[in-house]
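Q: Fold the following.
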Amino acid sequence: MKGEKGFSFAEVVISLAIMGIVAVGFLSGLTTASRGLMTTDERETANNLAEAQMEYVKNLPYGVSYSKSMEILGEYDYYDVDIVTTALEDGNMQRVEVAVHHQDKLEVIVLQDYKVNR
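A: Numbers count the residues shown, from 1 in each chain. Just a heads-up that it's a prediction; the model follows:
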């Protein structure tokens, strides 16, 4: 057994330190990726809600203002919608803006479209 050599204490400590640095870098990357995924999911959900509300408004009769569909909004927890209309010059056309908010954040997404009085 005299000919066998093992790792010294210093080698073990250095290898553990290197593995720790690699693990911290890996976990940091996972955290960043997780935040990015959550942001993407939030924006995609807001986009789906905005498109659904816009289609709802487009199918309503022409009017001065429109209320949001609580049936559509009920499917999206923690989101709220604001619908703003602006009459254009000739009075037979208006710009419709649907803004979606997530909890207490500012606007997540805003969709604009036009509606014609036919």
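Q: quick check: longest helix of this protein.
A: helix 9-58 (DSSP state H).
Q: What is the neighbour count of A50?
A: 21 (other C-beta atoms under 10 Å). Every C-beta, even on glycine, is put in place using the N, C-alpha and C of the backbone.
Q: elements contacting whatever helix or strand comes next after the longest helix of the chain?
A: Going down the chain from helix 9-58, the next helix or strand is helix 70-73, by DSSP states H and E. Here helix 70-73 is seen to pack against helix 9-58, strand 79-87 when contacts are counted using 3 or more C-beta pairs under 8 Å, 6 or more residues apart in numbering; DSSP states H and E.
Q: Using CSV, write down the CA coordinates of whichever strand or helix holds R95.
A: With secondary structure defined by DSSP H and E, R95 is part of strand 93-102. Taking C-alpha atoms only, strand 93-102 is exported to CSV below (Å, rounded to 0.1, in the frame of the first residue of the first chain):
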residue,chain,number,x,y,z
MET,A,93,-64.8,55.7,-38.5
GLN,A,94,-63.1,55.3,-35.2
ARG,A,95,-59.8,54.0,-33.8
VAL,A,96,-60.2,51.3,-31.2
GLU,A,97,-57.4,50.8,-28.7
VAL,A,98,-57.3,47.7,-26.4
ALA,A,99,-54.8,47.9,-23.6
VAL,A,100,-54.1,44.9,-21.4
HIS,A,101,-52.6,45.2,-17.9
HIS,A,102,-51.2,42.4,-15.8
